[in-house]
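Q: kindly return the folded structure for what I paste below:
(one chain, ligands or ions: 1)
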Amino acid sequence: MQEDSNTAARVEASLVERFGERLPVDPSLAGLDELARIAGHRVHRDFLDRGVEPALLRLLCACALSAPSKSDLQQADILVLDHAEPRRAVIALMPDMPWLAQAPVLLVFLANASRTPELARLREKPFPNNHLDLFFNAAVDGAIVLTTFMRAAAAVGLGCCPLSAIRDQAARVSDILGLPERVFPVAGLCAGWPANAGHITPRLGLATTLHQDRYRSGDLARQIDAYDRRRAAAHPYRRQRAVERFGDAAFYGWSEDKARQYAEPLRSDFGAFVRGKGFCLD
Ligand SMILES: Cc1cc2nc3c(=O)[nH]c(=O)nc-3n(C[C@H](O)[C@H](O)[C@H](O)COP(=O)(O)O)c2cc1C
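A: Numbers count the residues shown, from 1 in each chain. Below you'll find the model as predicted:
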């Protein structure tokens, strides 16, 4: 009972850090351990010099691939990058993340919409469904499997960081990994035994992102400002982005950082890559 109260208190404390709001947690609730891990989520980019057993990795992948799948189509795969050469080649395509070289595990979560039209071919049926929904469903399945892998990894004490940077040069990654038509990377992911506790990143308040019955825009400018201040009080940015273009801001919050980040075109060639993989995005 004492343990349940402590776990409930941990969930509450994590959510205060995350949202700046206290949500009461009933200590008699089932599954508090799992809630504590979910509420306390943080990415990890620093790892101990200790490998992850292949059998454990396979177990976690099997758990991740147990995730729900749209229409039971099973359009997500995991690619384990094990051998030194393809691993090095893929990491070299993400030069802004030198810490990746130290990560014991590197995975690529794939959206795989190649099997579904193949079923039609094998069973001699028409396939009038190569449109945006095919791409979207496979991407969603890939993202769900990635999230489920992170949950499974956290349960055994591993830390992870997803990597959308793997799509910065999607065509080259695709060549290195030998990805066929209608298979594309949703995200990479590095994992290992965490070298430190990491920290909880505050999120936008629930007044902004949790809606009841009807979408409510609210006073977004004020809410973002409040979030910027709350977040900066806990974890101020250590570096400002693109100072040469935008100058040195007296107050540098999340909204300034994201606005600067998205003031540059990012992966504007991804649509062409996906179309080149045989998807029709109409
Ligand atoms: C789909 C996805 C892609 C991501 N890609 C990267 C990446 O390329 N490089 C990186 O350092 N972090 C990446 N991240 C981690 C985010 O930066 C991190 O989740 C975010 O800063 C919030 O921190 P938290 O997850 O600890 O709450 C990614 C996260 C997600 C969900």
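Q: can you pull out the helices in this protein?
A: 2-19, 32-39, 54-64, 84-92, 115-122, 132-155, 170-177, 206-209, 220-234, 243-246, 254-261, 270-276 (DSSP state H).
Q: neighbours of P128, how many?
A: 7 (other CB atoms under 10 Å). In this view, the C-beta of every residue, glycine as well, is placed from N, C-alpha and C.
Q: and the nearest residue to R10 once chain neighbours are set aside, what does it touch?
A: Closest residue in space to R10, ignoring its immediate chain neighbours: A36 at 4.8 Å, by CB to CB, 6 or more residues apart in numbering. Each residue near A36 by CB atoms under 8 Å, 6 or more residues apart in numbering is listed here: 7, 10-11, 14.
Q: returning to what we had before: in JSON lines: the helices of the chain, plus distance to the ligand.
A: What follows is those, written out as JSON lines (distance: least, CB to the nearest ligand atom, whole Å):
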{"stretch": "helix 2-19", "distance to the ligand": "8"}
{"stretch": "helix 32-39", "distance to the ligand": "11"}
{"stretch": "helix 54-64", "distance to the ligand": "14"}
{"stretch": "helix 84-92", "distance to the ligand": "12"}
{"stretch": "helix 115-122", "distance to the ligand": "23"}
{"stretch": "helix 132-155", "distance to the ligand": "7"}
{"stretch": "helix 170-177", "distance to the ligand": "12"}
{"stretch": "helix 206-209", "distance to the ligand": "14"}
{"stretch": "helix 220-234", "distance to the ligand": "11"}
{"stretch": "helix 243-246", "distance to the ligand": "20"}
{"stretch": "helix 254-261", "distance to the ligand": "10"}
{"stretch": "helix 270-276", "distance to the ligand": "13"}
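Q: what's the most buried one of these?
A: helix 132-155 (a mean of 20; mean count of other CB atoms under 10 Å).
Q: name the helices or strands packed onto that helix?
A: Applying 3 or more CB pairs under 8 Å, 6 or more residues apart in numbering; DSSP states H and E, one finds that helix 132-155 contacts helix 32-39, helix 54-64, strand 76-80, strand 105-112, strand 159-163, strand 183-192.
Q: need the CA coordinates for it. CSV is fine.
A: Backbone C-alpha positions of helix 132-155 (Å, rounded to 0.1, in the frame of the first residue of the first chain) are rendered in CSV as follows:
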residue,chain,number,x,y,z
LEU,A,132,-2.8,8.8,-49.9
ASP,A,133,-4.5,6.5,-47.4
LEU,A,134,-2.2,3.6,-48.3
PHE,A,135,0.8,5.8,-47.4
PHE,A,136,-0.8,7.3,-44.4
ASN,A,137,-2.0,3.9,-42.9
ALA,A,138,1.5,2.4,-43.2
ALA,A,139,3.1,5.5,-41.7
VAL,A,140,0.7,5.4,-38.7
ASP,A,141,1.3,1.6,-38.2
GLY,A,142,5.1,2.3,-38.3
ALA,A,143,4.7,5.1,-35.7
ILE,A,144,2.6,2.9,-33.4
VAL,A,145,5.2,0.1,-33.5
LEU,A,146,8.0,2.6,-32.8
THR,A,147,6.1,3.9,-29.7
THR,A,148,5.3,0.4,-28.5
PHE,A,149,9.0,-0.5,-28.8
MET,A,150,9.8,2.5,-26.7
ARG,A,151,7.3,1.4,-24.0
ALA,A,152,8.8,-2.1,-24.0
ALA,A,153,12.3,-0.8,-23.9
ALA,A,154,11.5,1.5,-21.0
ALA,A,155,9.9,-1.4,-19.1
